[in-house]
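I would like to see how this sequence folds:
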Amino acid sequence: MTSPITTHVLDTAQGKPAKEITAVLAFQGQNNAWQELGSGKTNQDGRITDLLSDVHSLQKGLYKITFETADYFRDCGKKGFYPSVQILFEIEDPNQHYHIPLLLSPFGYTTYRGS
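Numbering: from 1, shown residues only. Take a look at the predicted model:
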């Protein structure tokens, strides 16, 4: 089963998927504390399709995905400026699918809500 939250990382400097990047999904719960819900590594296509397991149901609120990029850049023989990237997003409709892509280069990144 595909998670209701998925991601895809593309290395725009190299023009290819960014594989083996660890990503951690968290939810902001009571007292603004972050609760880790799941994690994974990007596959050969730069995707993680199973960030949120069946154990957790999607609910309204703030979420974040933290991408650990330092190891990726080191493995590519590059020095990146951002050792990690955090994307915060808000879910208002738990019945929808949320795809959170990351476009990455050593000195910049961008994101958007994908489909």
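
identify the residues contacting the most far-flung residue of the chain relative to its centre.
Centroid-distance maximum for the chain: residue 31 at 23.4 Å, with Cα atoms, centre = their mean. For residue 31, no contacting residues are found, by Cβ atoms under 8 Å, 6 or more residues apart in numbering. No exception for glycine: its C-beta is placed from N, CA and C like everyone else's.

just checking, it is part of a strand?
No: applying DSSP: H, G, I helix; E, B strand; the rest coil, one finds residue 31 to be helix, outside a strand.

tell me the pLDDT at residue 3?
On pLDDT, residue 3 comes in at 90.

quick one: residues contacting the residue lying closest to it once chain neighbours are set aside.
Closest residue to residue 3 apart from its sequence neighbours, by Cβ to Cβ, 6 or more residues apart in numbering: residue 52 at 4.2 Å. Applying Cβ under 8 Å, 6+ apart, we find residue 52 in contact with 3-5, 25, 37-38, 58.

let me know the closest of the residues you listed to residue 99.
For those, the minimum distance to residue 99 (Cβ to Cβ) is 7.9 Å, reached by residue 5.

what's the spacing between the residue most central in space within the chain and residue 43?
In the chain, the centroid-proximal residue (Cα atoms, centre = their mean) is residue 65; its distance is 4.3 Å. Between residue 65 and residue 43 the computed distance is 16 Å (Cβ to Cβ, to the nearest Å).

residues near residue 67, how many?
Using other Cβ atoms under 10 Å, the number of residues around residue 67 comes to 24.

hmm, residue 23 and it touching each other?
Yes: between residue 67 and residue 23 there is a contact under Cβ atoms under 8 Å: 5.1 Å.

identify the contacts common to the two.
Common neighbours of residue 67 and residue 23, using Cβ under 8 Å, 6+ apart, are residue 9.

residue boundaries of the strands in the protein?
Secondary structure of the chain by DSSP state E: the strands cover 5-11, 16-17, 22-28, 34-41, 47-48, 61-68, 84-91, 98-105, 108-111.
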